[in-house]
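Here's a sequence, model it:
(chains A and B)
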Amino acid sequence: MNFITKKAPIVNNSQRSFKRAFTLHFAIIATSIVTVVLKALSSLENPGELAVRAFFMIVVGALVSVLVELAYAYSEKDITKFKNYKGYVIPINTGILIALLLPSITPIYVLILAVVVGVYAGKLVFGGYGYYIFNPVLVGVIFAQLSFGTQLAVFDTPLQLLKEALNGATTNFNILDLFVGNYEAVAIGSTSVILLSIVFIYLLVSKVIDYRISGTFLISVFIISFGIGVINYYVSGDFSGVFDYVLVNMITGLTFFGAAFLISETVSSPTSRETKIVYAVVVAVLMMTVRVLGDNAEGLVFAILFGNMITPFINRTVKRSNKKTLIKTVVISLVFVIFTSIALGMILQGRVEEIYALVGGVL
Amino acid sequence: MITEYRTYINPSKVYIPITDSEYKMANVKVAVGDRVLIGEKLAEKFKGKNKSPVLSTVSGKILEFKDMIDRYGKVVDHVVIENDKLYEKFQHKTFEHSITTAEVRNVINNLGLNKISVDGIFTNLDFNAKSKYVVVNAMFTNEPFISTDYEFLIKHSAEMADGIELLSIAANAEKTIILVDKFMPEEALLELGKEIVEKDIEVITIDSKKVNAKDYKIIKNLVNETLSVNLVDNGVVYTEIGAAKMLHDAVRLGVPVVTRKVAITGDALNINAVYETRIGTRFTELVEDLGGYSEIKNMNLHIGSFLTGIQLDSDDFAITQTVDSVNVAEYRGVDEDVCIKCGDCNDICPAGILPQNIMDAELRSVNSRIVELNTDECVECGLCTYVCPSKINVLEWVRRAKRRVG
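Numbering: from 1, shown residues only, chains lettered A, B, ... in the order given. Predicted structure coming up:
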């Protein structure tokens, strides 16, 4: 009698990577549908047209992404992957995410170019899923944002209003509108935070995203925006300005969308727990820096791409993973985040000399 | 799923390998035609300075010496003994209640009890000056989910408790720990508890549904230092409770290991059973006793724990004292996906090293990086392969990396 000697017959562990991709697929499609419905119900100009455009963009994004992957597979003469639906899941995810990261006024040719660049230059040239170093979604989006800035410009998003408020303009935010996503959004995906947090928790429970990356990211954004808020908007006992600042930074823009879909993308993020925390902190700090100091009101795309860029380096810095290094990482990260929040807050107020004094005092 | 308890202790011939995976040299003490008794020395095998006897498990005439594969898949000389079914015993020295450390160690050496549990991080029953802790695994689970036998535990709990005490005497133990399963039947727990209540033994419960190397973490907390690949170097003797029973029999009754509980499972067999079988029985005879294989094309034969055990390409091996379970099942191949770098293996690794990064370094052949990542601390527990959502055999890559840097 002859027997096969391969891997042991372990069937108990039901975690599979394609199941995770399916879960993400389901979450993305559900998010897209609800987003389109919310767009149709919003109180912006021409909500119906915006919703139809958004829906059209999502479909085109998915379609173009699949077509690019299929064309590449044909050119490589290997289309076995696309025999069943399993092979289409990841291309569709990428396509929809690119569409969700662009505003609904985007011309369709920009979307198509973004998807082609993202999928081809961001993913396929590196060898496909599992091998790329930059998140292909963000490669496509950054291409579109840099090349077609004027076509994609959206005005009066809550984050821009917040920035203008620093220069003296007064803005009152309707909290309910912010929660249901009823505002000028920088992207289709920047929608109701209630929907996004449900999706976030679903993905967290089903282990598609890592709580150490997304959780650290959200906590860091909270701490930094709270620090900046306290330094700039705190008026003797009145916390409402601080509250507004934190809220707008947390629930509008791409903060929650990024936490749910972008920053925890496994292939382009680090692998061990310490490095995951460092990565999330770097992304959060960069995002807030861009938001506070840069021209761009939304800094997430740049920040995550920078995080992806330094991922091989941070991966190289760890040698082993134990309690001691974990505690060390958490403490250093926390100190760094708090220091950043104070520094950004003071820079925003033009009190740079005080920071020099602070640094000098510390040293 | 185990459906029956069976005994098969009267084979007509027994096949006893004279070497094993560690003791690779042997000195044969008998010749063809000799008559031997149960417990009589057939050969002495050597590992460096250490010597361990090979004992007969039946009484009868030696027929021949034959090359067969052993349970590790290596071709080894086996002594074939015809069983005359008289079961005459060669009387070894027995000890009543008080016994010294040296005496227990002598019994273990003279009756060849050093090597009983071989899977995972179990150690041999070796003792040295550092020996301080005894950890006994009473979960009877051969990770994932082959439960060897609770009936056995209930029936022999007194012997087992005594065996654990003997182990702690042999190790001069400061602390003795027994690991039990959260899902253990009440009755088994009660019987075991009754026997160990007056002895200085700590009981720790483990949730066996979570496969997360809890035993390793307990031992790590116990010794409070980096664990080496062989726990004996850290002063820990870690074994399963079956070994305690065998030690009791050896010390109190002067009987070497002649029978063994073996769980035979898998969907290639119509009946899954726990066997009490004589050591040296050929596995094919047990299969015949179970009614042969089902008609399955791709079969896969696995000995020992699923995480760390080994697979053979032939079923023509003899049961030894280190075989605790055999699984014969249809091979359900799952395709490996590409590594998605989720880091689950890095999180679960009980040694605290980073299997994914080691695999990456091995793929790129960067020796310095492999050394830098403390690859030599890998205990080959197999949890990285177990948790991998892409079903990559991570352990194999880590092993290769280990071999590359020596």
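
and the chain, what are its domains?
All of this refers to chain A. Structural domains annotated on chain A: A:17-147, A:211-362, as defined by automatic domain parsing.

Chain B is the one I meant
Residue ranges of the domains in chain B are recorded as B:4-91+B:256-330, B:101-253, B:344-405, according to automatic domain parsing.

just to revisit the earlier point, least confident of the domains of chain A, on average?
Lowest mean pLDDT of these: domain A:211-362, a mean of 87.

touching chain B at all, it?
Yes - applying CB under 8 Å from any CB of the partner chain, one finds domain A:211-362 touching chain B at A:266-267, A:269-273, A:276, A:315-316, A:318-322. Backbone N, C-alpha and C define where each C-beta goes, glycine included.

Buried ones among the residues you listed?
Neighbour counting over the residues of domain A:211-362 next to chain B (16 or more other CB atoms under 10 Å in any protein chain shown) leaves A:266, A:267, A:269, A:270, A:271, A:272, A:273, A:276, A:315, A:318, A:320, A:321 as the buried ones.

Buried residues in the one helix or strand residue B:79 maps to, which are they?
Assigned by DSSP states H and E, residue B:79 belongs to strand B:75-82. Under the neighbour-count criterion of 16+ other CB under 10 Å, strand B:75-82 has B:76, B:77, B:78, B:79, B:80, B:81, B:82 buried.

Could you do stretch A:132-148 as well?
Of all the residues in stretch A:132-148, those buried under the rule 16+ other CB under 10 Å are A:132, A:134-145, A:148.

ok and the residue in chain A nearest chain B?
residue A:130 (3.3 Å; CB to the nearest CB).

gap between residue B:117 and residue B:31?
With distances taken as CB to CB, to the nearest Å, residue B:117 is found 33 Å from residue B:31.

got the contact list for the helix or strand where residue B:190 lies?
With the criterion set as DSSP H and E, the secondary-structure element containing residue B:190 is helix B:186-196. Defining contact as CB atoms under 8 Å, 6 or more residues apart in numbering or on different chains, one finds that helix B:186-196 is touched by B:138, B:150, B:153, B:154, B:157, B:158, B:160, B:161, B:164, B:178, B:180, B:203.

one more time with 7 Å
By CB atoms under 7 Å, 6 or more residues apart in numbering or on different chains, the residues outside helix B:186-196 that reach it are B:138, B:150, B:153, B:154, B:157, B:158, B:161, B:178, B:180.

and what of stretch A:213-223?
Outside stretch A:213-223, the residues that reach it (CB under 7 Å, 6+ apart) are A:246, A:249-250, A:255, A:259, A:263-264, A:269, A:276-277, A:279-281, A:283-285, A:288, A:337-338, A:341.

likewise stretch A:177-184?
Everything outside stretch A:177-184 that qualifies as a contact, by CB under 7 Å, 6+ apart, is A:38, A:42-44, A:154-158, A:191-194, A:247, A:251-252.

mean confidence score for it?
Across stretch A:177-184, pLDDT averages out at 82.

Can I get that stretch as CSV, trimmed to CA atoms?
Once non-C-alpha atoms are left out, stretch A:177-184 reads as follows in CSV (Å, rounded to 0.1, in the frame of the first residue of the first chain):
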residue,chain,number,x,y,z
ASP,A,177,-25.4,65.7,9.0
LEU,A,178,-21.8,64.7,9.8
PHE,A,179,-22.9,61.4,11.1
VAL,A,180,-25.1,60.4,8.2
GLY,A,181,-22.7,61.6,5.6
ASN,A,182,-24.8,64.5,4.4
TYR,A,183,-21.9,66.9,3.4
GLU,A,184,-19.7,67.7,0.4
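
Buried ones in it, by neighbour count?
For stretch A:177-184, the neighbour count (16+ other CB under 10 Å) marks A:178, A:179, A:180, A:181, A:182, A:183, A:184 as buried.

What's the local residue count around residue 158?
Picking chain A for this. Neighbour count of residue A:158, defined by other CB atoms under 10 Å in any protein chain shown: 24.

should've been chain B
Quick note: residue B:158 (other CB under 10 Å) scores 14 neighbours.

so what's the residue of chain B found nearest chain A scoring on pLDDT?
For chain B, the residue closest to chain A is residue B:338, as judged by CB to the nearest CB, at 3.3 Å. As summarised for this prediction, residue B:338 has a pLDDT of 89.

I figured it was touching residue A:127, is that so?
No - contact status for residue B:338 versus residue A:127: not in contact, 9.0 Å apart, counting by CB atoms under 7 Å.

Between those two, which is the more surrounded one?
The residue with the greater number of neighbours, taking residue B:338 and residue A:127 and applying other CB under 10 Å, is residue B:338; the counts read 14 against 10.

could you pull out the helices for the stretch 301-406 of chain B?
Per DSSP state H, counting those that start in this stretch, the stretch 301-406 of chain B carries helices over the ranges B:344-348, B:355-363, B:367-372, B:383-387, B:394-405.

List of residues touching the third one?
What it means is helix B:367-372. Among residues not part of helix B:367-372, those counted as contacts by CB under 7 Å, 6+ apart are A:319, B:358, B:361, B:362, B:401, B:404, B:405.

Tell me which residue is most central in the chain.
Since no chain was named, I'll use chain A. Centrality entry for chain A: nearest residue to the mean C-alpha point is residue A:258, 2.1 Å, by CA atoms, centre = their mean.

other chain: chain B
Most central in chain B (CA atoms, centre = their mean) works out to residue B:117, at 2.4 Å.

got the contact list for that residue?
Residues B:239, B:240, B:243 are the ones in contact with residue B:117 under the rule CB under 7 Å, 6+ apart.

And the closest residue to the first one other than its chain neighbours, its phi and psi?
Nearest residue to residue B:239, sequence neighbours excluded (CB to CB, 6 or more residues apart in numbering or on different chains): residue B:117, at 5.1 Å. Its backbone dihedrals place residue B:117 at phi -100, psi 130, with angles given as degrees, to the nearest 10.

for the stretch 151-300 of chain B, which spans come out with low pLDDT?
Judged against pLDDT under 70, the stretch 151-300 of chain B has no low-scoring part.
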